[in-house]
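Provided below for reference: sequence and predicted model.
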Amino acid sequence: MTPTPILLFGATGRMGRAVRGCLTEFPEVSLRACVARSPDDLGCPKGCAWMTPEDLFAGGRDALPADCVVIDVSLAAGTTRLLDWLERTPRALVSATTGLGDAEEKRIAALAARVPVVRARNLSVGNSVAAAMLRSIPGAARALFEVDLVEHHHGAKRDAPSGTALAWAALLAPGEVRIHSIRSGTVAGIHRAIFAGAGETLEVVHTVSDRAVFARGALRAACFLHGQPPGLYTLEQTLAVP
Ligand SMILES: NC(=O)c1ccc[n+]([C@@H]2O[C@H](COP(=O)([O-])OP(=O)(O)OC[C@H]3O[C@@H](n4cnc5c(N)ncnc54)[C@H](OP(=O)(O)O)[C@@H]3O)[C@@H](O)[C@H]2O)c1
């Protein structure tokens, strides 16, 4: 099998480090470039180059293969600059950053007409299952409950509500959905949908205790995209990869 070359954008963040920490589980992946303003102590494997965003946008210190898959785990400002580069130099993209504006979401969708793209605000398998459960609630039953979404993340998370909470709320429309955000501790991610009716409550809860869950999702998605035709793919489609 041809290895999947990866460019990791936002390599020094919590997610970037988690992706590097899972690489040994993905022998079919070849990390070719780590992009961050400065390298960290975790290092990157042989054959992988550190580069700053400026190096990358200026053409890359080393030539990156045309079939390189970009994993974006930076913040919204980084994604905006990355998209400028990708529009000039299209590459397959796993886009995991949350808190993007409508303009950036549209640019990602437009990029998918040229290269294969997965846009996933939650890369975990458990979230795919939880979303399917929420989708399966019949409208008539949904109308009998008040719905609150509670999301809890570590104190350093910048955006609120979380991308996942917004996605769950969209799944549960029509009807009012209240979202409550908690930022404290080191929680990787908890999402709880509470359906409160007359004399009964129902809850759907998804808890991530280890960021490696998201990192594996990103690497699995990158392997899936390698060699795919252009298009906007869902995380569920990537789960078919063994
Ligand atoms: N889709 C999912 O399943 C999922 C799961 C968890 C988190 N996330 C999202 O992933 C993103 C990263 O989360 P995190 O916790 O890893 O954040 P983080 O720890 O703050 O790391 C952010 C990374 O992005 C880089 N960065 C920030 N601003 C940049 C810019 N303007 N240009 C280039 N690089 C920039 C940082 O490098 P410097 O240190 O050099 O600034 C760092 O490497 C967030 O949007 C988060 O919500 C998604």
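Received it, and whenever you're ready, just let me know what you need. Keep in mind the model is a prediction, meaning the values are calculated, not measured.

show me which residues of this protein sit near the ligand.
By Cβ under 6 Å from any ligand atom, the residues of the chain that approach the ligand are 10-16, 36-37, 53, 73-75, 77-78, 81, 96-99, 120-123, 157, 159, 214. Where you see a C-beta, it was placed from the backbone N, CA and C, and this is true even at glycine.

select only the buried ones of those residues in PyMOL?
With 16 or more other Cβ atoms under 10 Å as the burial test, the buried ones among the residues of the chain next to the ligand are selected in PyMOL as follows:
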select buried, resi 10+11+12+13+14+15+16+36+53+73+74+75+78+96+97+98+99+120+121+122+123+157+159+214
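
looking at the residues of the chain next to the ligand, which are in helices?
Among these, the ones falling in helices (DSSP state H) are 14-16, 53, 77-78, 81, 214.

save these as CSV, and put in pLDDT too.
Converted to CSV, those look like this (pLDDT from 0 to 100):
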residue, pLDDT
R14, 96
M15, 97
G16, 97
P53, 96
A77, 97
G78, 97
R81, 97
F214, 98
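
residues in contact with stretch 216-234?
Stretch 216-234 is touched from outside by 2, 4, 6, 15, 19, 22-23, 25-26, 28-29, 67, 69, 71, 73, 92-94, 96, 108-109, 112-120, 123-125, 235, 237-241, with contacts defined as Cβ atoms under 8 Å, 6 or more residues apart in numbering.

got the confidence number for A240?
For A240, the model assigns a pLDDT of 75.

what do you get for G47?
Per-residue pLDDT puts G47 at 87.

helix or strand for it, which one?
With the criterion set as DSSP states H and E, no secondary-structure element contains G47; it sits in neither a helix nor a strand.

could you find the closest non-adjacent residue to whichever residue of the chain sits closest to the ligand?
Distance from the ligand to each residue of the chain (Cβ to the nearest ligand atom) is smallest for G13, at 1.9 Å. If the residues on either side of it in the chain are set aside, G13 comes closest to V73, at 6.1 Å by Cβ to Cβ, 6 or more residues apart in numbering.

shouldn't the one you found be in contact with G10?
Yes - taking Cβ atoms under 8 Å as the definition, V73 is a contact partner of G10 at 4.2 Å.

what touches both of these two?
If you check V73 and G10 against Cβ under 8 Å, 6+ apart, the residues they both contact are 16, 97.

for I71, see how far away the most centrally placed residue in the chain is.
Among the residues of the chain, A96 comes closest to the average C-alpha position under Cα atoms, centre = their mean, at 2.3 Å. Distance, A96 to I71, by Cβ to Cβ, to the nearest Å: 7 Å.

do I137 as well
In this structure, I137 lies at 33 Å from I71, with Cβ to Cβ as the measure.

of those two, who's got more company?
Applying other Cβ atoms under 10 Å to I137 and I71 shows that I71 carries more neighbours, namely 29 against 17.

please identify the pairing partners of the host helix or strand of that one and their relative orientation?
I71 is located in strand 69-72, with elements delineated by DSSP H and E. Looking at strand 69-72 with DSSP bridges, its paired strands and their directions are strand 4-9 (parallel), strand 92-95 (parallel).

contacts for that strand?
Where contact means Cβ under 8 Å, 6+ apart, the residues beyond strand 69-72 that reach it are 4-10, 19, 78-79, 82, 86, 91-97, 218-219, 222, 225-226.

any of those buried? List them.
Using 16+ other Cβ under 10 Å as the burial test, the contacts of strand 69-72 include 4-10, 19, 78-79, 82, 86, 91-97, 218-219, 222, 225-226 as buried.
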